[in-house]
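S.K.: Whatever this is, show me its structure:
(one chain, ligands or ions: 2)
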Amino acid sequence: MTDLSTQLEKPEESSNEAPQGRQKATSSMDRVPALGYRNYWYPALQSHEVKSKPVHLKMLGDDIVFFRDAATGAAHAMADRCPHRNASLSLGKSHYPGTLTCPYHGWTFNLKGDLVAVLSEGPKCAMVGKVQQRVYPVEEFRGFLWVWMGDMAAVPLSEDLPPELNDLGTSLFTDVQVWKANWRVVTENTDGYHAPILHLESMPRTLYMDWVSWRKITHAKTDDGLGVIHVEIDSADTDEFPGLGVWPKIPNWKRAAKNFFGAKVGHGRRITLPDGRTGSITEDIHLPGWRRVQVRVMTTFVEWAVPIDEHTTRHVLWDVVHADKNAGPVRRMMKAARLALFRYLIYPTYWRWAYNKKYVGQDKDVLESMYQGPEYLQANDAGILAWRKLSERARGYKRGS
Ligand code: FES
Ligand SMILES: [Fe+2]
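M.R.: Ligands and ions are numbered 1, 2, ... in the order given. As a prediction, the model looks like this:
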């Protein structure tokens, strides 16, 4: 899967240059489709959310019904709108193994989407065999139902998953929220440099994360060419802005408290770029829209913005705790103890509140407030432009199609 490579990509657009005079507003977000890239697997519902009753879920603009075959327990998905007179199949039932029946007039579909009976019109109904309902390939993996949204033949699920999910040695802590923002702005929240500003007042930054005045960000491509890595090549913890003063403005008592506790989480893993510059990885972002942030040494945020419609996104967040594969028996035991501590104490009492609700909540608030339209991009946005340009590499995607 994706390795973080050191290939530096030259920004294609002028925004990486120093501003000369007045800038022109541009608009390049629409390189990326407002309803997402279709020919990929996406996380849909969590396994425990689909039991014996069918469940409706909207994804990438499609209304889908998820249900389990009573005979096998396997999960299936098909278009939710009944082709007869448009009732929602999610209100229906599986009266017979391997089928789903519409609640209104009893149109009954098998798992391939064939209309196999019309219960309201008898076994000889002429419509039988003449109507096909769209079905979506579904796989169940790591607590989620994954659905293939494409019109091409489905690729193996593992091809579209972040490495942290393919690696069965990781422990996942899952949190799903619905945000009132388009998936593109949610995905572009992984920009490599907003965190020291937006999250300045957050609990983690107050207690143990470095304060940063500014960052200079460049970007590299992932080895497979399907992702963008944001790389911090320069930064200052504190600086003086002409006519304004020092930034960030941190009260002395906060600085004293952080020094007292001494806990600090600084910059990400170092990499060397092909031009010899070194930097540290802040975040990366990968087609069709999953991203990763290294939070602490042991933990990675993996996030996936799944489009619901043009204005709403399902924000799937996995706090991933990594396994230490080379650990001996003693370290493995210590690791298991730390994981249990995280699972039963830190995650439910602090982490979920401090990160998933409050810290990520700051992102949610600002993203839900955003307008869409022309932008004045700054030099640090070159990685965002590179992400938008990746649309050219998206599987089965043609702009305007
Ligand atoms: S609307 Fe579904 S059977 Fe009539
Ligand atoms: Fe953020």
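
S.K.: Surely residue 48 is within a strand?
M.R.: No. Secondary structure assignment places residue 48 outside any strand; it is helix (DSSP: H, G, I helix; E, B strand; the rest coil).

S.K.: burial count for it?
M.R.: By other Cβ atoms under 10 Å, 7 other residues sit near residue 48. (C-beta placed from N, C-alpha, C; glycine too.)

S.K.: Residue 94 too?
M.R.: For residue 94, using other Cβ under 10 Å, the count is 20.

S.K.: okay, it: pLDDT?
M.R.: The per-residue pLDDT reported for residue 94 equals 95.

S.K.: and what of residue 9?
M.R.: 39.

S.K.: cool, residue 296 as well?
M.R.: Residue 296 is assigned a pLDDT of 65 by the prediction.

S.K.: burial measure for residue 352, as a count.
M.R.: The number of residues packed near residue 352 is 15, by other Cβ under 10 Å.

S.K.: Which residues are in contact with it?
M.R.: 173, 175 (Cβ atoms under 8 Å, 6 or more residues apart in numbering).

S.K.: Would it be right to say that residue 220 lies in a helix?
M.R.: No. Assessed with three-state DSSP, residue 220 is strand; it does not lie in a helix.

S.K.: what sits opposite the closest residue to it other than its chain neighbours in the beta ladder?
M.R.: Leaving aside its sequence neighbours, residue 220 sits nearest to residue 229 (Cβ to Cβ, 6 or more residues apart in numbering; 4.6 Å). Beta-bridge partners recorded for residue 229 (DSSP bridges): residue 220, residue 284.

S.K.: and residue 229, how many neighbours?
M.R.: Neighbour tally, residue 229, other Cβ under 10 Å: 29.

S.K.: That one contacts residue 281, correct?
M.R.: Yes. Residue 229 is in contact with residue 281 according to Cβ atoms under 8 Å; the separation is 5.8 Å.

S.K.: Tell me the gap between stretch 178-187 and the middle of its chain.
M.R.: On the basis of Cα atoms, centre = their mean, to the nearest Å, stretch 178-187 is displaced by 10 Å from the centre of the chain it belongs to.

S.K.: same check, this time on stretch 54-63
M.R.: Chain-centre distance of stretch 54-63: 18 Å, with Cα atoms, centre = their mean.

S.K.: Can you list the residue ranges for strands in the stretch 301-401 of the chain?
M.R.: Secondary structure of the stretch 301-401 of the chain by DSSP state E, counting those that start in this stretch: the strands cover 312-321.

S.K.: low pLDDT regions in it?
M.R.: Counting by pLDDT under 70, the stretch 301-401 of the chain has low-confidence residues at 401.

S.K.: Quick check: the residue of it nearest ligand 1.
M.R.: Using Cβ to the nearest ligand atom, the closest approach of the stretch 301-401 of the chain to ligand 1 is made by residue 309 at 22.7 Å.

S.K.: List the contacts of that residue.
M.R.: Contacts of residue 309 were listed using Cβ under 8 Å, 6+ apart, and they are 35, 58, 61.

S.K.: Look up how far residue 86 lies from it.
M.R.: Look at residue 309 and residue 86: by Cβ to Cβ, to the nearest Å, they are 18 Å apart.

S.K.: One more: residue 188?
M.R.: Residue 188 sits 35 Å away from residue 86, going by Cβ to Cβ.

S.K.: picking that back up, need the contacts of residue 309 in a markdown table (columns: pLDDT, neighbour count and secondary structure).
M.R.: Output for those, formatted as a markdown table (pLDDT from 0 to 100; neighbours: other Cβ atoms under 10 Å; DSSP: H, G, I helix; E, B strand; the rest coil):
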| residue | pLDDT | neighbour count | secondary structure |
| --- | --- | --- | --- |
| 35 | 97 | 17 | coil |
| 58 | 98 | 15 | strand |
| 61 | 98 | 14 | coil |
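
S.K.: and which of those residues is nearest ligand 1?
M.R.: Nearest to ligand 1, judged by Cβ to the nearest ligand atom, of the contacts of residue 309 is residue 58 at 18.7 Å.

S.K.: in this protein, which segments are predicted with low confidence?
M.R.: In the chain, residues with pLDDT under 70: 1-21, 262-267, 295-298, 401.

S.K.: residue contacts, the residue nearest the centre of it?
M.R.: Centroid-nearest residue in the chain, with Cα atoms, centre = their mean: residue 304, separated by 1.1 Å. Neighbour list for residue 304: 42, 43, 162, 289, 290, 291, 315, 316 [criterion: Cβ under 8 Å, 6+ apart].

S.K.: Drop anything exposed from these.
M.R.: Among the contacts of residue 304, those buried by neighbour count (16 or more other Cβ atoms under 10 Å) are 42, 43, 162, 289, 290, 291, 315, 316.
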